[in-house]
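In: model this:
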Amino acid sequence: MPEKNKYSSVVCMAKKLPSTIDKHLSPQQVHMVKATKQSITYILVIFAITLAVVFADYLGLFLEMDTHMYDLCFRLRGTRNVSERIVIVAIDAKTLERYGRWPIKRRYYAEMLEKLDQAVVVGFDLLLREPSDDDRLLDAAIKRHGRVVLPEYIDTGLRLVKPLQGLSPYRFGHIHIEPGIDNTAREVYHSLYFNTVLLPSLTSSLYEMVTGQPFSRLREPGQPWADAAPDRIYQSDRRKINFHGPTGQFTQVSLADVVGNRYPHQYFRNRIVLVGLTVPGIVDEISTPFSQARNRMAGVEVHANILNNLLDNSSLRDVADWLRIVCLISVSFVLAIAFLKLNERNAALVWFSNLFAISALVWFLFAGNNLWLPPTAFQVSICLIFLAAYLYRLDSAARRLDREHETMTALLGWENHDTLQRKHLQGLFGLLSEGGINAKIQRQIRMTTKLVNLHKQLEIALMTEREALDNQVRFVEMLSHEYRTPLAIIRANLDILEMKDGVAGGAHSTNFSKMKRAMSRLVEIMDISLERRRLDDHCIKMERERIHLGPFLRSLMDESRELWAERNLVLDLDDHDNHSIDGDRSLFKTAILNLIDNAIKYSSDHEPVRVELRCSEREALIQVRNRGRVISGDDLERVFDKYFRGATSSNTRGAGLGLYLVRRIIDQLGGTVTLESDNCGNTVASVRLPTA
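Out: The predicted structure follows:
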């Protein structure tokens, strides 16, 4: 069947009612369908969370948090070196003290320009709107210098404000700085279009004059806007301001000192001079990311930072929106899978590590590459996905708990009223329903209480059974003891009669041998019964002692030859037969005798039974070999089971306990026993035991 059809069939089955699913599907298929539905639901939830985060970021809901992180990156980075070419001529308190209150006479500006004749360019951050008696002097100084840029401004009435028309600068430039939502300056638009006319920024005009290259603008000067309107301002060429530190980073000289000849003309050679007011209380100071201690910055110094960014191409750049969204979706889905694969502790570590990694990446891009990646969307997405994965795990655990409760209730034969009443509130919604998790806890407590009571009842029943078993063991031991004395008397009299019969010619020797084997069998049955009781009683500890295998097997074979005098028993010992094991001698003897007895039963009278010993440094191998009936593969798998008798055992005496007893004894000795048989009737019983 094509994969598409398979998927469609699974989805269709997942939409059926539970009763229909249970009727037509096996339990494994039902579980698969439910797991598929839960997985699809989880994927859809993750996708919805990611889309919600992207939409919230688009609406600007994370802007405030991103702004705080943006300012923090500046403060963590600290100050950076500024260009030595930029000099600020400040109208400071010293200037006002020497030349009078603000505004000072403009002839001082003219004198200043005479001192700055070797500067590359001079930019004014002063509007100079009101006429004065010194305007002719200033205009003449501006014309003589030839490289002066004056500011322009658009007021709240949408009027373009320029310096006096009598002044003739080389160029104009607007001094608008875009404040943020918290009235903090973080960016500037280098191009304003007012009445379809380009108003370049003061700093971009200075940049073009210093470098001799045009500033790269998105729209060429003079190119009209398609929807241009006389009452609208169009902003373009946005740049984030990469502040080099708090106020005071750039070289500042007082205008009074410049006019007073404290600085020679050569000092300003190839310098870029910005002229502006820096007196607190008079100038409108601007908040920057470094203004956390209320140390705001004068406008002329803000323009110095912007100009420095243009000269060394260090303006901060935003990571492309499409790249940021792709990274956000990729990180979200990768972490969604990881949170499900990991356990709760490791998932929490991954969650915290990714939050830290996002912050570290933002810092690395900001400080090392002048790139800004807003982190809040990533961090919110990671937290929401971690919460969704945790709730998914909680829902799965709650559903599994409900299923286990139903299973236990069914197995114990109790009526499951809680399940019938709350069947529609399974999983996480069951925890959020009336009673919530406390109801499930109380239900589990009731279940545990019932199980504890059953456990107590079971312990009482087991104790009663143990007492009955002990009584049986004591009875068998007593019976065995009582039988051994008369059996010994009978055996002694049989020996006397056999001796007399031997003197008389041995006419009844065969009958005497049969009677002696019957007596031995009776003793064997009692011994097997006693040993089985011992092995079934796990409280009885084995009496361990060192057993030297060579002497032990020789003695055992001598005893076996007396029991089965008519059979050929062969002992084959290894050259190194001095190895030993630790175990219960009587139990080990019973196990080997049972293997020999089993080999004699299922072999021909003329075939020998071989007992072999092979030893290595860590293991002793005892094998009992015989040749007789072929044992089928099915019988070989069950031959050590309790009370099992194979298909070839119908005409052979036994109760199916001999090999079972052998396996129990060898297991308690820490070894293994196996039985193998080929198509020729060769059977080998192998006992492997660790050497001491």
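In: I'd like the domain boundaries of this protein, if you could list them.
Out: If the domains of the chain are taken from automatic domain parsing, they occupy 72-315, 459-540, 541-690, with pieces of a single domain joined by a plus sign.
In: Please convert the ones you listed to TSV, extending it with distance to Leu349.
Out: All C-beta spots, glycine's among them, are computed from the backbone N, C-alpha and C. Shown next, in TSV, are those (distance: least, CB to CB, whole Å):
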stretch	distance to Leu349
domain 72-315	25
domain 459-540	44
domain 541-690	43
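In: I'd like those domains written out as CSV, with distance to Phe366 and mean pLDDT added.
Out: Compiled in CSV, these are given as follows (distance: least, CB to CB, whole Å; pLDDT from 0 to 100):
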stretch, distance to Phe366, mean pLDDT
domain 72-315, 5, 88
domain 459-540, 69, 70
domain 541-690, 65, 82
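In: Now do the longest helix along the chain: which elements does it pack against?
Out: Ranked by number of residues, the top helix in the chain under DSSP state H is helix 436-503. Under the contact criterion of 3 or more CB pairs under 8 Å, 6 or more residues apart in numbering; DSSP states H and E, the helices and strands touching helix 436-503 comprise helix 376-412, helix 428-432, helix 509-536.
In: hmm, try it at 6 Å
Out: Using 3 or more CB pairs under 6 Å, 6 or more residues apart in numbering; DSSP states H and E as the contact criterion, the secondary-structure elements in contact with helix 436-503 are helix 509-536.
In: Mind checking what helix or strand follows the helix it packs on in sequence?
Out: The helix or strand immediately downstream of helix 509-536 is strand 545-548, counting by DSSP states H and E.
In: Local confidence estimate at Asp418?
Out: For Asp418, the model assigns a pLDDT of 51.
In: Which secondary structure state is assigned to Arg567?
Out: Here Arg567 is recorded as coil under DSSP: H, G, I helix; E, B strand; the rest coil.
In: Let me see the contact set for it.
Out: If a contact means CB atoms under 6 Å, 6 or more residues apart in numbering, then Arg567 has Ile600 as its contacts.
In: quick one, helices of the stretch 1-150 of the chain?
Out: For the stretch 1-150 of the chain, applying DSSP state H, counting those that start in this stretch gives helices covering 3-14, 18-24, 27-59, 63-77, 93-99, 107-115, 135-145.
In: Return the most buried member of these.
Out: Each of those was given a mean neighbour count from mean count of other CB atoms under 10 Å, and the largest, a mean of 21, is that of helix 107-115.
In: Between helix 135-145 and that one, find me the angle.
Out: Going by axes from the mean of the first three to the mean of the last three CA atoms, to 10 degrees, helix 107-115 is angled at 10 degrees with respect to helix 135-145.
In: what's helix 107-115 packed up against?
Out: Using 3+ CB pairs under 6 Å, 6+ apart as the contact criterion, the elements in contact with helix 107-115 are helix 135-145, helix 255-259.
In: packing partners for the first one?
Out: With contacts defined as 3+ CB pairs under 6 Å, 6+ apart, the secondary structure elements packing on helix 135-145 are helix 107-115.
In: Just give the number of residues close to His265.
Out: His265: 13 surrounding residues under other CB atoms under 10 Å.
In: Now do the contacts for it.
Out: Residues in contact with His265, defined by CB under 6 Å, 6+ apart, are Gln118.
In: Tell me how far it lies from Lys115.
Out: Taken as CB to CB, to the nearest Å, the spacing of His265 relative to Lys115 amounts to 6 Å.
In: How about Ile600?
Out: From Ile600 over to Lys115 the distance is 129 Å, taken as CB to CB.
In: Ok, Pro375 next?
Out: Distance, Pro375 to Lys115, by CB to CB: 49 Å.
In: which element is Phe644 on?
Out: Counting by DSSP H and E, Phe644 is found in no helix or strand.
In: Checking Ser204 next. Helix, strand or coil?
Out: Classification of Ser204 by three-state DSSP places it in helix.
In: looking at it, Val161 is touching Asp155, isn't it?
Out: Yes - contact between Val161 and Asp155 holds when scored by CB atoms under 6 Å: they sit 5.4 Å apart.
In: Between these two, which is the more surrounded one?
Out: Legend: neighbour count by other CB under 10 Å for Val161 and Asp155, higher for Val161 (13 against 8).
In: Now distance to Pro289 too, for the helices and strands packed on helix 107-115, in JSON lines please.
Out: As requested, those are exported to JSON lines (distance: least, CB to CB, whole Å):
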{"stretch": "helix 135-145", "distance to Pro289": "35"}
{"stretch": "helix 255-259", "distance to Pro289": "29"}
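In: Which one of these lies nearest to Ile596?
Out: Closest approach to Ile596 among the helices and strands packed on helix 107-115 (CB to CB): helix 255-259, 120.7 Å.
In: could you point out which element follows that closest one?
Out: Beyond helix 255-259 in the direction of the C-terminus, DSSP H and E gives the next helix or strand as strand 272-277.
In: residues contacting Trp351?
Out: Applying CB under 6 Å, 6+ apart, one finds that Trp351 lies in contact with Phe386.
In: and Leu573, backbone torsions?
Out: Dihedral angles of Leu573 (phi, psi; degrees, to the nearest 10) stand at phi -100, psi 150.
In: Just tell me which of the domains of the chain ends up closest to Ala389.
Out: Each of the domains of the chain was checked against Ala389 via CB to CB, and the shortest separation belongs to domain 72-315, namely 29.0 Å.
In: What segments of the stretch 551-692 of the chain are strands?
Out: Secondary structure of the stretch 551-692 of the chain, counting by DSSP state E, counting those that start in this stretch: strands at 569-572, 580-583, 609-615, 619-627, 672-677, 682-690.
In: I'd like these written out as TSV, with mean neighbour count added.
Out: Supplementary listing: those in TSV, determined by neighbours: other CB atoms under 10 Å:
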stretch	mean neighbour count
strand 569-572	14
strand 580-583	20
strand 609-615	20
strand 619-627	20
strand 672-677	17
strand 682-690	18
